[in-house]
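In: No letters, just coordinates:
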């Protein structure tokens, strides 16, 4: 609209991209997921929409469904109707109930390709809880190798 955002003239400067060398948070491999998938002392959380979790719809991968033993907590349930995170208190209560005293290092979060699972990890951190493991390969890797 041509409106100034402040009273100072801003000069753009070129910056170098940040180089990421290693993921710094805990991750799980496909073999670890397979090993603990039905272990009651562990939880695997699938954050995809319920339709995808239930295998009713699969817009990306060749096979629909979910990892046997995984529970479904869609990442969209972390948000208000305006698309903002629920309060940290609400998220904390929600995830403490879901975790049922299982420690974070016994919890693995995944989605379709590893992206929206990070959204849930952020919501869990925002709630003040320890961040569980991320299964980076998620349903895309699992469905191509274990189904």
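Out: Received the coordinates, thanks. Just so we're clear, the structure is a prediction, and the values are computed from it rather than from any experiment. Numbering: from 1, shown residues only.
In: For the residue most central in space within the chain, give me its contacts.
Out: Against the mean C-alpha coordinate of the chain, by C-alpha atoms, centre = their mean, the closest residue is residue 117 at 1.4 Å. By C-beta atoms under 8 Å, 6 or more residues apart in numbering, the contact set of residue 117 is 47, 75, 109, 110, 111, 134, 135, 138. The way it works is simple: take the backbone N, C-alpha and C, and place the C-beta from them, glycine included.
In: let's see 7 Å
Out: Contacts for residue 117 (C-beta atoms under 7 Å, 6 or more residues apart in numbering) come out as 47, 109, 110, 111, 134, 138.
In: so of the residues you listed, which ones are in strands?
Out: When the contacts of residue 117 are checked against strands (DSSP state E), the matches are 109, 110, 134.
In: how about the nearest residue to the last one, chain neighbours excluded?
Out: Computed as C-beta to C-beta, 6 or more residues apart in numbering, the closest residue to residue 134 that is not its neighbour in sequence is residue 27, at 5.1 Å.
In: per-residue confidence at the one you found?
Out: Note on residue 27: pLDDT of 95.
In: Any idea how many residues pack against it?
Out: Using other C-beta atoms under 10 Å, residue 27 has 14 other residues around it.
In: what does residue 31 give?
Out: Residues lying near residue 31 (other C-beta under 10 Å) number 9.
In: element containing it?
Out: Using DSSP states H and E, residue 31 falls within helix 30-36.
In: From the contact counts, what lies against that helix?
Out: With contacts taken as 3 or more C-beta pairs under 7 Å, 6 or more residues apart in numbering; DSSP states H and E, helix 30-36 sits against helix 138-145.
In: The helix it packs on: how far from the chain's middle?
Out: Centroid displacement of helix 138-145 relative to its chain, using C-alpha atoms, centre = their mean, to the nearest Å, is 15 Å.
In: do stretch 100-116 as well
Out: 7 Å.
In: Stretch 79-94 now?
Out: Counting by C-alpha atoms, centre = their mean, stretch 79-94 comes out at 15 Å from the chain centroid.
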